[in-house]
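In: compute the structure for the input listed below.
(chains A and B)
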Amino acid sequence: MSRADQHTRQQIADLVEACAGYWELRGVALESSAQMQLELEQHLQQAVSDGKSLEAVLGPNPAAFAEAWAREMRPRVFRGGAKVLRGLVYALSVVSSSALLSQLLARSPAFTFTLFGAYLLIGSGLLALLIQLGGFLAPRINKRAGREALVLAGVVLAVLVLRLAGLQVNWSTPLLSWGWPVTIVLLALAAFLFSLTCWRSSHREPLLTVSESWSALRTVTTFVASVGVFDIVMFFSSVAVVDFCRLALRLV
Amino acid sequence: MLVETRSTQLLKGTLDMCLLATIAQRPCYGYEMVQQLAQQGLDLVSEGSIYPLLSRLQHLGYIDGYLVASRDGPQRKYYHLLPAGAKQLEQWQAEWEVFARAVERILKGARSDEQS
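Out: Numbers count the residues shown, from 1 in each chain, chains lettered A, B, ... in the order given. Next up is the predicted model:
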C-alpha cells in the first residue's frame, strides 16, 4: 500500500469517526449509527478506488452532510432526554457498584463518597463530552488521540493555575456516607433505569439483521465491563492521588 | 462556493423519486444507486446526499434495508422496495408525467412563438 493510499484511508477513517461522534451527540441510536458508518465508509472507499475525491461524496461541508443525515433519523421529541438518562444510569451504576465493592471488600458498615470520587466522576463525564465535541469544534485536530492530548493539556494547565492561585484541596474529604440499605436502593434504581434505556432503544430502533437478544446481551456486557473498569480506575487513582498528596504535603 | 446548476436543482426535487424507482428495479446498495443514476445521466453534486433521503424513505415505510455479507469485506446495506413504496412510486410517477407534460407544452409554446 502506498503512502497516498494510507493517507486516504486515514482520512476516510477520520471522517467516519467525526460523523459518528456527531451522530452520537445528536442522539442517533448506536445501532443505526453503526450502520450509517458502515455505509459511509464503504461508499467513500469505493468512490476513492474509482478515482473520485472525498468531496464528491460528502460535498464541501462534511458537517452539513452529517447533520442532514442525523436529521432524517427518527426524530425525537426531547433528544437530550435519552442522553441525560444514559449519563444518569452510568453515574448511578458507578457510584452504587463502587459502594457495593467497598462494603464487600473492606467489610466496612458504610461507604464514603469522597471529593476525589466526585471529581473523577464529573471530570470523566466532561472529558467524554469534550472529546466528542472536539470532532467538529476542532477541525484541525482530526484524530482522537490529538483531541485527548488537548483535553489532558487543558486539565493539567487548569490544575497548575489553581495550584498557583493557592487553592488547596483535601481530596479525601467525605461528601456522602451511607450504609447497605441506600447502596441496595441505588443499585436497584440503576438496574431499573438501565432496563428502561434498553427498552427505549429496542422500541425506537428496530434492528435489521442482528438478533435482538444477542445485541441486548452485548449491550449489557459492555455496560457492566465499562462500569467495572471505571470502578477499578477510580479505586486505584484515588489511592494513588491521596497517597501522592499526603507525600507532597509531608515534603512541603 | 458551489454554484448550483438548474439540473442540480431539478435533481434535488426529484431525487427521492429517482431513488425509489432505482430500488424498484432491483435491491441495491448506496454506491450502486449513484452509479445507476450516473449511467442515466444524473450526476450528483455530492453522492452522500442520497443517504439522508434513503433514511427518510425507510422511515416512511417505502423501503427497507438489510445487511448482506460481502466477499470483498464487511457487510453491505441493501435496500428493497416495500408495498407502500411501490404505491407511492406510482403516484409520484403520475404526478411527474402531468408536471413534465405541462412544462413541455409551455416550452413548445415558447418555441413556436419565437419561430412565428
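
In: so which residue is smack in the middle of chain B?
Out: For chain B, the residue whose C-alpha lies nearest the mean C-alpha position (CA atoms, centre = their mean) is B:C18; its distance is 1.9 Å.

In: helix, strand or coil: sort out it for me.
Out: At B:C18 the chain is in helix, as set by DSSP: H, G, I helix; E, B strand; the rest coil.

In: does it touch B:L37 like I think?
Out: Yes - in this structure B:C18 lies within contact range of B:L37 using CB atoms under 8 Å: 6.2 Å. All C-beta spots, glycine's among them, are computed from the backbone N, C-alpha and C.

In: from chain A, how far off is the residue nearest to the centre of chain B?
Out: Counting by CB to the nearest CB, to the nearest Å, the separation of B:C18 from chain A is 17 Å.

In: where do the helices sit along the chain?
Out: By default, I'm working from chain A. Read by DSSP state H, chain A holds these helices, from start to end of the chain: A:3-25, A:30-49, A:54-58, A:62-72, A:79-105, A:115-137, A:144-164, A:180-204, A:212-251.

In: other chain: chain B
Out: Per DSSP H, chain B carries helices over the ranges B:6-25, B:30-39, B:50-59, B:83-115.

In: quick one: mean pLDDT over the longest one.
Out: Model confidence over helix B:83-115 averages 89 on the pLDDT scale.

In: could you check the angle that helix makes with helix B:6-25?
Out: An angle of 140 degrees separates the directions of helix B:83-115 and helix B:6-25 when computed by axes from the mean of the first three to the mean of the last three CA atoms, to 10 degrees.

In: quick one: contacts for whatever residue of chain B ends up closest to chain A?
Out: At 3.3 Å from chain A, B:S46 is the closest residue in chain B, using CB to the nearest CB. Counting by CB atoms under 8 Å, 6 or more residues apart in numbering or on different chains, B:S46 makes contact with A:55-60, A:65.

In: most neighbours among those, please name it.
Out: Within these, A:V57 tops the neighbour count with 27 neighbours, counted by other CB atoms under 10 Å in any protein chain shown.

In: that one contacts A:A47, correct?
Out: Yes - using CB under 8 Å, A:V57 and A:A47 qualify as a contacting pair, with a distance of 5.0 Å.

In: list the residues that contact both of the two?
Out: Overlap between the contact sets of A:V57 and A:A47, as judged by CB under 8 Å, 6+ apart, is given by B:E47.

In: CA atoms of stretch B:77-89 as PDB?
Out: The C-alpha trace of stretch B:77-89 is given here as PDB (Å, rounded to 0.1, in the frame of the first residue of the first chain):
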ATOM      1  CA  LYS B  77     -26.600  -2.500   3.300                       C
ATOM      2  CA  TYR B  78     -29.000  -3.200   0.600                       C
ATOM      3  CA  TYR B  79     -32.400  -1.500   0.100                       C
ATOM      4  CA  HIS B  80     -35.500  -3.100  -1.300                       C
ATOM      5  CA  LEU B  81     -38.900  -1.700  -2.100                       C
ATOM      6  CA  LEU B  82     -41.900  -2.200   0.200                       C
ATOM      7  CA  PRO B  83     -45.600  -2.300  -1.000                       C
ATOM      8  CA  ALA B  84     -46.200   1.200   0.300                       C
ATOM      9  CA  GLY B  85     -43.200   2.400  -1.600                       C
ATOM     10  CA  ALA B  86     -44.500   0.800  -4.800                       C
ATOM     11  CA  LYS B  87     -47.800   2.600  -4.400                       C
ATOM     12  CA  GLN B  88     -46.100   5.900  -3.600                       C
ATOM     13  CA  LEU B  89     -43.800   5.500  -6.700                       C
END
